[in-house]
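Colleague: Got a predicted structure plus its sequence, pasted below:
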Amino acid sequence: MKKIIVVFVFAVQFAIYSQNIRESLEEILAEPFFDTTLAAVNVYNLTKGLDEYKKNNSLLMRPASNMKVITTAAALKYLGIDFNFETRLCYDGEIEGSELKGNLYVKGGGDPDFQTSDLDDFVADVKKLGIKKINGSLIGDVSFKDSLFWGSGWMWDDDPSTDAPYLSALNINSNCITIIVTINEQGKIDITSEPETHYVKPISFLRETSTPKERITITRDYINRTNDILVKGEYEKSKALRIITPLNVYKPEFYFLQLLKEKFANEEIEIVDGLNISKLPAGAKEISKIERSFGEVIVNLNKTSDNLSAEMTLLAMGQRYSEGPASAKKGLKMIDSLIIECGFNPRNYRIEDGSGVSHYTLVSVELLTGILKYMYYEQPELQKVLEESFPNAGIDGTLKSRMKGTLAESNLRAKTGTLSGVSCLTGYVTGKGGDKYAFSIMIQNHVAKTSRAIEYQNRICEILANN
C-alpha cells in the first residue's frame, strides 16, 4: 500500500511539475509577437524519459545553422573524432642541387581550418630539401571534391559575406580576407589586408568632403566575380578614420596558392612558371602533409557556427563512403543514415547542405530533438563531444553574451541558427532540480529584429534551467 501511495504522490508531483513548464511556455508563445510569427518547440526530459512540451512538433521549418547539429552528429558517428583532413605537399621531377626540375603540388583534402601560419611548415619543409628554385609551377590539386563552389539553395546576394564562403578542396583563412581602410587627419588613404597579399586588388572611390552624406562601404566586386576590392563613400576632411571589413574571396584555391607563393618569395625561393590547377600525377613524391582531426574541427564548427567547416565535414562523409570526388549529394546519404538510425524517415524532410545556409532545407524540432535523444541514450561518449562543441550560454561562441546572470549561464549548451526571418536554438540544459533536457526552438517568418526572437528563446531556456 505504501508503494502505491509513493508512486501516486510522485505521479501527481510530476504532473504538476510538467504542467508548470507547459503553462509557462504556453504563456510565452501566446504573446502578440507570435500572432504573425511561426514557432515550433520541443522539450524532452532525458532524465525521466518523458516529453515535457510540444508545439508544432512535426512542422517543417528552416533550421538555419541548427542543421549543424545534424551534420556534426552524423560526422561523429560515421567519421569519428580521429578522422583527419589532409593537405599534402608533393613534387614531380627531380631535385638537382638547389633546383627542383619539376612542379610543386599541394593536394587539398578539404581542411576547413587551414591558416596562413600553416604555410610556414610547408615552406620550412621545402627549405630543408635545399630548394631555392622551382623550375616549374606551383599547382593545386582540388580533385577531392566536385566543382560546385556553393551549396544548393544558397542566396546569390549573400556574396561577398563571410557567411557564404566559396567552397574548395584547398581552403585557407576560412576563404576570407579582412580589408582595413585607414584615413589620417591629412586625408591620406591607406587600404591594406590581413593577411597581406596581392591576391586582392583595392580600388578606391572615396571622396573628401566637409559634410559627408554617403557612408563608406567596403565590398568585393562579386557581380563580376573578381577579387577587386571596392571602397566607396565620403569621409570628413581633417578627421581620422579606420574601417575593418571581412569579405569572402573568389577562387580560394588560387588564394591558397598565391599566399604560399608569397611565403616562398619571402624566403627567396623562386617559382618560375606561376600558379595552376591540375591533378597530382602518379609517382609524385610527398614532401610533407598537414593533418587536422575532426575532433579539432567540430569545436570551431559549432562554437562559431562556421559554414565552411560544416560543408567540408559533409563532403568528407561523402568522400569516405563513396567513390570519386566528394559532393554534398554523397554526404547527404550519411545524413539520411543517421535519420534512419534515430527512427525517422528521411523522405519526410528536405536537406540540401551541411551548414543550414540553404533556404531549401526543411526539418522539424521533433527530428532535431530526436537526434539529441539518440546521441544521449545510444552514443553517450560521442554525445559528450557533441554537447561540449556547442556554445556555452554566457561563456563562449555564439551564446557568449546570452543568458548571463541566469541559471542557464555556464549550464546550457546549444547551437544557434540565424537566417533572414529565422532564429533557432537546439541543445541541452540541466534544470535546477537536476533533470537534463534536450530541446529545440525554431522561430521563423518574423520581420522584427532577430533580437526579439532571441529574447523569447532565452526566456524559454531560463524556464527550463529554473525547474
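Modeller: Thanks, I have the structure now.
Colleague: My impression was that residue 425 belongs to a strand - is that right?
Modeller: Yes. Per DSSP: H, G, I helix; E, B strand; the rest coil, residue 425 lies within a strand segment.
Colleague: how many other residues sit next to it?
Modeller: 30 (other C-beta atoms under 10 Å). C-beta: built from backbone N, CA, C; applies to glycine.
Colleague: try residue 333
Modeller: Using other C-beta under 10 Å, residue 333 has 14 neighbouring residues.
Colleague: what does the one 10 residues further on give?
Modeller: Other residues near residue 343 number 10, with proximity taken as other C-beta under 10 Å.
Colleague: quick one, what contacts it?
Modeller: By C-beta atoms under 8 Å, 6 or more residues apart in numbering, the residues touching residue 343 are 370, 374.
Colleague: From residue 377, how far off is it?
Modeller: The gap separating residue 343 from residue 377 is 11 Å, by C-beta to C-beta, to the nearest Å.
Colleague: check contacts around the residue lying closest to residue 116 once chain neighbours are set aside.
Modeller: Distances taken as C-beta to C-beta, 6 or more residues apart in numbering place residue 195 nearest to residue 116, at 4.8 Å, with adjacent residues excluded. Residue 195 sits next to 116, 173, 177, 259 when contact means C-beta under 8 Å, 6+ apart.
Colleague: One more: residue 70?
Modeller: Residue 70 touches 63, 335, 338-339, 351, 363, 367-368, 371, counting by C-beta under 8 Å, 6+ apart.
Colleague: Am I right that it falls within a helix?
Modeller: Yes. Under three-state DSSP, residue 70 sits within a helix.
Colleague: Show me what the helix or strand containing residue 206 is packed against.
Modeller: Residue 206 belongs to strand 201-209 when assigned by DSSP states H and E. On a contact count with 3 or more C-beta pairs under 8 Å, 6 or more residues apart in numbering; DSSP states H and E, strand 201-209 meets strand 189-194, strand 228-236.
Colleague: what's the helix or strand just after the longest one in contact with?
Modeller: Same thing as strand 228-236. Downstream of strand 228-236, the next assigned helix or strand under DSSP H and E is strand 241-248. For strand 241-248, contacts defined as C-beta under 8 Å, 6+ apart pick out 159-162, 164-166, 175-183, 216, 218-220, 229, 235.
Colleague: can you rerun that using 6 Å?
Modeller: Contacts to strand 241-248, defined as C-beta atoms under 6 Å, 6 or more residues apart in numbering, come from residues 160, 162, 165, 175-176, 178-183, 216, 218, 220, 235.
Colleague: I would like a ChimeraX command selecting only the buried ones among the residues you listed, please.
Modeller: Of those, the buried ones go into a single ChimeraX selection, burial set by 16 or more other C-beta atoms under 10 Å:
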select :160,162,165,175,176,179,181,183,216,218,220,235
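Colleague: Among the contacts of strand 241-248, name the ones in strands.
Modeller: 176, 178-183, 218, 220, 235 (DSSP state E).
Colleague: mind giving me JSON lines with these and columns for pLDDT?
Modeller: Below are the ones in strands among the contacts of strand 241-248 laid out as JSON lines (pLDDT from 0 to 100):
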{"residue": "176", "pLDDT": "98"}
{"residue": "178", "pLDDT": "98"}
{"residue": "179", "pLDDT": "98"}
{"residue": "180", "pLDDT": "98"}
{"residue": "181", "pLDDT": "97"}
{"residue": "182", "pLDDT": "96"}
{"residue": "183", "pLDDT": "95"}
{"residue": "218", "pLDDT": "98"}
{"residue": "220", "pLDDT": "98"}
{"residue": "235", "pLDDT": "94"}
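Colleague: which pair in those residues spans the largest distance?
Modeller: Within the ones in strands among the contacts of strand 241-248, 176 and 235 form the most distant pair, 25.0 Å apart (C-beta to C-beta).
Colleague: Just want the most central residue of the chain.
Modeller: residue 306 (1.7 Å; C-alpha atoms, centre = their mean).
Colleague: The closest residue in space to it that isn't next to it in sequence - how many residues pack around it?
Modeller: Closest residue to residue 306 apart from its sequence neighbours, by C-beta to C-beta, 6+ apart: residue 300 at 5.3 Å. Residues lying near residue 300 (other C-beta under 10 Å) number 17.
Colleague: Do you know the pLDDT at the closest residue to residue 258 other than its chain neighbours?
Modeller: In this structure, residue 258 finds its nearest non-sequential neighbour in residue 199, 4.4 Å apart by C-beta to C-beta, 6+ apart. For residue 199, the model assigns a pLDDT of 98.
Colleague: where does residue 199 land in three-state SS?
Modeller: Classification of residue 199 by three-state DSSP places it in coil.
Colleague: Just to check, it is in contact with residue 255?
Modeller: Yes. Residue 199 is within contact range of residue 255, at 5.2 Å (criterion: C-beta atoms under 6 Å).
Colleague: Mind checking which of these two has more residues around it?
Modeller: Per other C-beta under 10 Å, whichever of residue 199 and residue 255 has more neighbours is residue 255, with 26 against 21.
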